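# Return atomic coordinates for the entry below.
(2 chains)
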Amino acid sequence: MSDALNTLKSHLEASLADKVESAVIELGELTIEVGSQYLVEVATFLRDDATAGFEQLIDVCGVDYLTYGQSEWDTGGSGFSRGVKREFSFDGSDDTSEKIEFDGKRFAVVTHLLSIKNNHRIRIKSYCDDNEFPIMDSLEDVWNVANWFEREAFDLFGIMFNNHPDLRRILTDYGFIGHPFRKDFPLIGHVDMRYDEEQKRVIYEPVSIENRTLVPRVIREARASKSNSIAGEGDE
Amino acid sequence: MPEIKNFTLNFGPAHPAAHGVLRLILEMDGEVIQRADPHIGLLHRGTEKLAESKPYNQSIGYMDRLDYVSMMCNEHGYVLALEKMLGIEAPVRAQYIRTMFDEITRILNHLLWIGAHGLDVGAMTMFLYAFREREDLMDVYEAVSGARLHATYYRPGGVYRDLPDTMPLHEKSKWYSDADISRLNKNRGGSVLDFIEDFTQRFPKYVDEYETLLTDNRIWKQRLVDIGIVSPERALQLGLTGAMLRGSGIEWDLRKKQPYAMYDKLDFDIPVGTNGDSYDRYLVRMEEMRQSNRIIKQCVDWLRVNPGPVMHEDHKITQPKREDMKGDMESLIHHFKLATEGYCLPEGEAYQAIEHPKGEFGCYIVSDGANKPYRLKVRAPGFAHMSAMDELTKGHMLADVVTIIGTMDIVFGEVDR
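Numbers count the residues shown, from 1 in each chain, chains lettered A, B, ... in the order given. Have a look, this model is predicted:
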């Protein structure tokens, strides 16, 4: 299996040399990174090329890298240090928190493809150039199934898709405000909904519950080695 | 000439044939559908976002609630993705147990599907028959996990516990007489494996019963044949997987082509349709039930003669035994760390797909090295199938919409997530 993937990888590197930024095989999965301007071109090639032959699009999803690699609970080097709470909150629910500083590209669109003919998979990763107004080209023309997956990414992450035939919200409520899967959107949301007896209708109010973290995010540095690492090493 | 124009019909979300909470906006020309616009999301719970706020193991239970008629298969997809990233593998016995329960789940799913599909199209009896068998299988679920539906039985590194030696018995109550009790307990004298084996011997006859009722039934054929035809090329374009793809004649089954668990050691066949219509998909799923039965039988035979551990022994990831915790400091620490913090996954990303009863179910996990997923994306087969709704229903009559929803085997827990 990995031989076939290596062949595919070198084939792609040869034929898409200037468009593919990187191609990596990890955990038996091939990931290529493609600049957003080349996405449709690369996708069409992957579908039509005989060696690639990806007839089917399995999944498209957005990823928000705003808080990537940040833990809520830092400990110093020795095993006995106390946890330190960060001064910002992860979901922006805490008013006193500072705005999370972020440079680099925030939103990525990750596409998974499957070739039934050749029995292999590939993952395409493409970052949106603009963090404020993320745009990506739509793959709907290449694989029709992308339609709904892209609507979902738009709904949940606010990523816009060029040339999408029908870019409406899909999973959230009619009239919903915001993009709930962004990392700065609080888990508890912004509004509560209830039926009001006096007004005889459903009304929205600011949330009445508080956000709380039961288990903090922890990143254990000791496991930088990827090969066969196991959780929790070096913290006893 | 009177002016004739299309009118718009609202189907659902509380329609009994909408399989939950589907709202369909149908643009009709007389009784013929011009356009179907499914509005989904009425059951959206934000599973993926919730998972981001919890240690990995706490999300296993959420997986049950995605496709709530094939619980353990969902868990399997998630757990396999975790195992891939942790670089561990479950013991062989655990993998056989998983394989067996995946197939039990497949039968559970297909039984509910045939029951609901039959009911939608007008075959009342099917629903009652299907639930009779589901009852037995849900008892098996209960025996191993304590829950009839939301099992939370799989764990990264194995399964929660080994198969119990006894099958729980029915007890006398004011609703059951002695005669009822002895009838209900007839097959339950032995272990869980005995009960499952007994089921596998009975089950082919039940499938024959269903087929007698439906396969050559004139009304059933009138409602299903040539409804919702998908050509193989379109099936690929529309992202159809599982029985929807096989019904169109493409021989593709992850259990054979990209085997996981113990499927490469077991003997079974993949049924494939020819016309790609609802009737072919019906036949494919019926045959899948028989094949699942075959697989369960092989697993039972193996599990009988091969005792062994069912959980990985690295207690940085899996819970130590409770009795060890009483005396062993190390085990107590492991338990404390797992309960309060969980385990961290190495930085990276992985996608793991399994052959779910409905199609390809996959979990894509992005980890930044923390004890919670940075991003978890669940690829639900029903979502892609639902998006093909417009193309499948175009040009059909209103009554065929119900058939097409039925043949797609839609469950909103996974479509809306």
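# rest of the way, CA atoms for contacts and neighbours
OK.
# Show me what from the stretch 301-417 of chain B comes close to chain A.
With Cα under 8 Å from any Cα of the partner chain as the criterion, the stretch 301-417 of chain B meets chain A at residues B:316-317, B:340-341, B:343-347, B:350-351, B:368-372, B:374-375, B:377, B:379, B:384, B:387-388, B:416.
# count of neighbours near the closest residue to chain A within the stretch 1-150 of chain B?
Chain A sits closest to B:Gly41 of the stretch 1-150 of chain B, with a gap of 3.9 Å, by Cα to the nearest Cα. Neighbouring residues of B:Gly41 were enumerated by other Cα atoms under 10 Å in any protein chain shown; the total is 22.
# Repeat that for B:Leu82.
Look at B:Leu82: counted by other Cα under 10 Å, it has 26 neighbours.
# Kindly report the same for A:Gln37.
A count of neighbours around A:Gln37, defined by other Cα under 10 Å, yields 15.
# With adjacent residues omitted, what lies nearest to it?
Once its chain neighbours are removed from consideration, A:Gln37 has its nearest residue in A:Asp137; the separation is 7.6 Å (Cα to Cα, 6 or more residues apart in numbering or on different chains).
# beta partners of the one you found?
For A:Asp137, the residues forming beta bridges with it (DSSP bridges) are A:Asn162.
# Might one say that it is in contact with A:Ile159?
No - no contact is recorded between A:Asp137 and A:Ile159 when judged using Cα atoms under 8 Å, the distance being 10.1 Å.
# Looking at these two now, which is surrounded by more residues?
Neighbours per residue (other Cα under 10 Å) separate A:Asp137 from A:Ile159, with A:Ile159 holding more: 25 against 16.
# what about the more buried one, distance to chain B?
A:Ile159 sits 16 Å away from chain B when distances are taken as Cα to the nearest Cα, to the nearest Å.
# Looking at that residue now. What's its pLDDT?
According to the predicted model, the pLDDT of A:Ile159 comes to 92.
# ok, now how distant is the nearest residue to it once chain neighbours are set aside from chain B?
Using Cα to Cα, 6+ apart and skipping the chain neighbours, the partner closest in space to A:Ile159 is A:Pro134 (5.1 Å). Distance check for A:Pro134 against chain B: by Cα to the nearest Cα, it reads 18 Å.
# Next, work out how far apart A:Pro134 and A:Ile32 are.
The spacing between A:Pro134 and A:Ile32, counted by Cα to Cα, to the nearest Å, is 20 Å.
# now B:Cys363
As judged by Cα to Cα, B:Cys363 and A:Ile32 stand 19 Å apart.
# Comparing these two, which residue is more hemmed in?
In terms of neighbours (other Cα under 10 Å), B:Cys363 is the more surrounded of B:Cys363 and A:Ile32; the figures are 24 against 21.
# For residue 210, which residues are in contact?
All of this is about chain A. For A:Glu210, the contact set (Cα atoms under 8 Å, 6 or more residues apart in numbering or on different chains) comprises A:Ile188.
# That was the other one, I meant chain B.
When contacts are counted by Cα under 8 Å, 6+ apart, B:Tyr210 touches B:Met126, B:Tyr129.
# tell me which residues in stretch B:15-28 are buried?
For stretch B:15-28, a neighbour-count test (16 or more other Cα atoms under 10 Å in any protein chain shown) marks B:Ala17, B:Ala18, B:His19, B:Gly20, B:Val21, B:Leu22, B:Arg23, B:Leu24, B:Ile25, B:Leu26, B:Glu27, B:Met28 as buried.
# Please work out which residues outside that stretch touch it.
Taking Cα under 8 Å, 6+ apart as the criterion, the residues outside stretch B:15-28 that touch it are B:6-14, B:33-40, B:42-43, B:120, B:402, B:405, B:410-412.
# Now go through these and say which are in helices.
Residues from these lying in helices, with DSSP state H as the criterion: B:Asp120, B:Val402, B:Ile405, B:Phe412.
# and the residue most central in space within chain B, how far is that from B:Pro164?
What sits nearest the mean C-alpha location of chain B, by Cα atoms, centre = their mean, is B:Ser70, with 2.5 Å. From B:Ser70 over to B:Pro164 the distance is 22 Å, taken as Cα to Cα.
# related to what we said a few turns ago, which ones among the contacts of stretch B:15-28 lie within strands?
Secondary structure defined by DSSP state E assigns B:Phe7, B:Thr8, B:Leu9, B:Asn10, B:Phe11, B:Ile33, B:Gln34, B:Arg35, B:Ala36, B:Asp37, B:Pro38, B:His39 of those to strands.
# are any of those residues buried, and which?
Under a neighbour-count criterion of 16+ other Cα under 10 Å, the subset of the ones in strands among the contacts of stretch B:15-28 counted as buried comprises B:Phe11, B:Ile33, B:Gln34, B:Arg35, B:Ala36, B:Pro38, B:His39.
# Tell me if I'm right that the residue nearest to A:Ile159 and A:Asn162 touch.
No - look at A:Pro134 against A:Asn162 with Cα under 8 Å: they stay out of range, at 10.5 Å.
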